[in-house]
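Novice: Build me a model from this:
(chains A and B)
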Amino acid sequence: MVKTMSLFPGVTLRCVPDDRFKHGVLSLQLVRPMCREEAAKNALLPAVLLRGCRRTPDLRRITHRLDALYGASVGTLVRRVGDWQTTGLYCSFIEDHYAMDGEEVFAPMMALLGELLLEPVLENGAFSRDYVESEKKNLIATIASELNDKRAYAAGQLLKRMCAEDPFGLPRLGEQPQVEAITPQSLYSHYQTVLRESAIEIFYVGSRAPEQVAAQMETLLGDINRNYVNLEAQTAFRGGAEGDYTEVMDVNQGKLCVGYVTPITLRDEGFVAMQLLNVIFGGGMTSKLFVQIREKQSLCYAIGSGFYGSKGILSVSAGIDSGKRELVLEQIEKQLDACRRGDITSEELTAAKEALRSSLRSVHDSPGAIENYYASRALSGLPYTPDSYLQAVEAATAEQVAHAAQSLRRHTVYFLKGAEQ
Amino acid sequence: MKQRLYPELGESVWWSRLENGLTVAVVPRKGFSKKYAYLVTDYGSIHTEFSVDGKPFSAPAGVAHYLEHKMFDLPGRDVSEEFAALGANVNAFTSYDLTAYYFSCTERFGECLALLLEFVATPYFTEETVEKEQGIIGQEIDMTADAPDTRVFEMLMENMYRQHPIRVPILGSRDTIARITPQVLEACHSAFYRPDNMMLCVVGDVDPEQVEAMASGICAGKGTVTRRDGWQEDMTCGGGGCEEYMEVAMPMFQIGFKAEPLGKGPEAVKQEIVGDLAAEALFGESSELYLRLYEQGIIDSSFGGGLETVEGMAMLTLSGDSDHPDAVLEAVLEEAQRLSETGVEEEAFQRMKRSALGRRLRELDSFDSVCFRLCAYYFSGFDYFDFPEVYRQVNREDIQEFLKRVVTRQRCSLSVIYPKEETQ
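Specialist: From the prediction side, this is the model:
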């Protein structure tokens, strides 16, 4: 299914050849350690690169080139995968044979990608000051605008507090003071380091033969002066003080977030059981949290849980009346206790297994989902192939799920408190 | 069923209009595991006034959305649980002018489809279950009240429109939903959840004949339903701007320019594409204006817009975060004035068309998007997959005319949400 090729030391191309789609995608990610010193720079870098390259030094003319390629797109790509952060570009483009006037799309698209990545606009041996300053302002605004979505904001505040001593607590796009400190020189020198030393992960989904894509990429990247440095391995949750935090804001609805930790990560034996637990406990419209707290007690509209497999953190989030914090918290614990006791019906277990199987099968039906699944899997070190994963799901028992629940320890509560009804 | 081919898009669709009145479309996707089914009724939050056999009915605001929530109850059964047991995901949404129920699955498609058809056709409302939903939807209303992007839009609509019910939020309010009873829900279900007011769209590697046979089992509706439509809306905006203060990081704005309602059929779709291309020419990423405002730091990448249409209304809209929403509005008006005089260059126009076509083509890889668009456009009297032909009919003079007519001070309204002052 995935064809993996090593192009140069530390440069890997992964291809999923598939001719069922009307469009293809290609991502190029440089893999960095997630740390306060780098996070803001890694987030800013692709935004500055997208402002212009030597041949096409402004946004508008780049858009013209993309428009001529049937509205192809190239965007920033900044992901967090456990202890790592990636920085890079993401391209999406129609397959050549759908070009109504018969032109090529893929080759010119790759040429543009290469120019954006490797031929930035320079001034006095650094990035353009205008580009850097204006993208700094945009990045600061984007970081600040997390506040606009209260659910995401609350989830971010929970992680920040839980992971005070783990890079997982750093926001994906870095923090404002670090963005402000960036200069055109410091970013350019970071760019050179990143290109020279980072692992480069390229992922392609589309109708082209992997060898063809490899040849194209070798030409594109062959001239980079490389000195590849291995990254440190991913680690489990490193702890930090437990706590119970309340932040008051003038909002209509409170947001309650509860963070649990477990020694089980996606690299461990119990991972699949933990994923099943997450589905049964809080993963959708049939979960215990949804049925018991929303449907039976009308205490909320949105409630659910998510499991961060790379760290072993399970978080619960609920939008509630601010006067009902204690009641909802108690109910969440009660549902988790039920799981710990093994109070799991065979219907719940079967449905959870079916949900995991179905979501894996659906991955293969969209280029974006394929890219996201396999690129993340490769970086996070998930030790399963799709087949061995399906077998593990099949084999998991209710006892193992209960065991996964027992391994969870409540670590931090964060409450965004608003008006009480 | 009749198969129609769309060679340019590499698509084909099996179409059928059943005896019970239901329209069915099946889009084959050989070699895909996922199957997607959308059952949509041409009924949304704006349809609160209607009559059945001449007897008038006026429902409380928010009823279409409330009904959507309550459709998931069957006597002694839990629909979500049954879908989960089949390994399927089920969900629904209510917009201003339609309500959609949909599932995706990879196996046991027949059982999933049977369940979808059954639960959407089965009204089951008790005092107790309807009462219980008040708390849940009340929380949804609170959540939306804290969402600035929704609020900025709702404020704009309330400010721009005097007659059209788009001025009322989809969810209604805590007061209006308190008036919803099982009888109200039954009346609305019976009036609008009838096969001749609905469409079923399936995308995936399925047997079209099987889909058709299963959908034939739904009972036809009774009586004659007439809904209120055609709101007499003045094209000027009397109200000027509106603003509110919320917990946001920086000011968030949305601007609207009233346009004439589009009506139905291919001409309406042409007008919609004209509006979208006009938006692109005026302030899209390839425009002069976008680059200038972006470089001046007046807008950022959150900026965007296009033509927004709901039954009985249309508007050109643009929104984003900005410290200077007034400056954005002035710049847009000025640039529209200029383009109304000079027009759009032919080369730029052709490039924009090609780009828009390519983006629509890419979207066809999304099952969700295919289902939604086929249904929504069907209710507007148009086969969505005919879009390439409509693009060919649009010319640059249409864009110029649209900008001249619509993007004017008389027709515009500005809605802004400002950050709350520090209170500590």
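Novice: so where is the stretch 151-300 of chain B shaky, pLDDT-wise?
Specialist: Scanning the stretch 151-300 of chain B for pLDDT under 70 picks out B:238-239.
Novice: cutoff 80 now
Specialist: Across the stretch 151-300 of chain B, the ranges flagged by pLDDT under 80 are B:238-240.
Novice: Over in it, which residue gets nearest chain A? Let me know.
Specialist: Closest to chain A within the stretch 151-300 of chain B is residue B:249: 3.6 Å, counting by C-beta to the nearest C-beta. C-betas here are computed from N, CA, C, even on glycine.
Novice: so what's that residue up against?
Specialist: Residue B:249 makes contact with A:141, A:144, A:145, A:146, A:147, A:148, B:321, B:419, according to C-beta atoms under 8 Å, 6 or more residues apart in numbering or on different chains.
Novice: Who wins on neighbours among the residues you listed?
Specialist: Of the contacts of residue B:249, residue B:321 is surrounded by the most neighbours, 24 neighbours in total, counting by other C-beta atoms under 10 Å in any protein chain shown.
Novice: Residue nearest the middle of chain B, spatially speaking?
Specialist: Centroid-nearest residue in chain B, with C-alpha atoms, centre = their mean: residue B:95, separated by 5.5 Å.
Novice: Count the neighbours of residue 342 for me.
Specialist: Unless you meant another one, I'm taking chain A. Neighbours of residue A:342 using other C-beta under 10 Å come to 14.
Novice: I was after chain B.
Specialist: The burial count assigned to residue B:342 is 9, neighbours taken as other C-beta under 10 Å.
Novice: what's the answer for residue B:333, then?
Specialist: 16.
Novice: For the stretch 151-300 of chain A, which segments count as helices?
Specialist: A:176-180, A:184-197, A:210-221, A:271-282, A:288 (DSSP state H, counting those that start in this stretch).
Novice: Contact partners for residue A:286?
Specialist: A:348, A:351, B:78, B:80, B:81, B:84.
Novice: Out of those residues, list just those in strands.
Specialist: Of the contacts of residue A:286, the ones assigned to strands by DSSP state E are residue B:78.
Novice: quick one, phi psi at residue B:94?
Specialist: phi -120, psi 130 (degrees, to the nearest 10).
Novice: Go ahead and confirm it touches residue B:169.
Specialist: No - with contact defined as C-beta atoms under 8 Å, residue B:94 does not count as touching residue B:169 (11.2 Å).
Novice: shared neighbours, these two?
Specialist: With C-beta under 8 Å, 6+ apart as the test, residue B:94 and residue B:169 both reach residue B:45.
Novice: Of all the helices of the stretch 151-300 of chain A, which one comes closest to chain B?
Specialist: Across the helices of the stretch 151-300 of chain A, the minimum distance to chain B, taken as C-beta to the nearest C-beta, is reached by helix A:271-282, at 9.2 Å.
Novice: Would you mind pulling up the elements that the helix or strand just after that closest one packs against?
Specialist: Counting by DSSP states H and E, the next helix or strand C-terminal to helix A:271-282 is helix A:288. Counting contacts by 3 or more C-beta pairs under 8 Å, 6 or more residues apart in numbering or on different chains; DSSP states H and E, helix A:288 packs against helix A:271-282, helix A:325-340.
Novice: about what we covered before: name the nearest residue to the residue of the stretch 151-300 of chain B closest to chain A, ignoring sequence neighbours.
Specialist: Leaving aside its sequence neighbours, residue B:249 sits nearest to residue A:144 (C-beta to C-beta, 6 or more residues apart in numbering or on different chains; 3.6 Å).
Novice: Please tell me how far the one you found sits from residue A:246.
Specialist: Residue A:144 is 22 Å from residue A:246, where distance means C-beta to C-beta, to the nearest Å.
Novice: In the stretch 251-400 of chain B, what residue spans correspond to helices?
Specialist: Assigned by DSSP H, counting those that start in this stretch, the helices in the stretch 251-400 of chain B fall at B:266-283, B:288-295, B:325-342, B:346-363, B:367-379, B:387-393, B:396-406.
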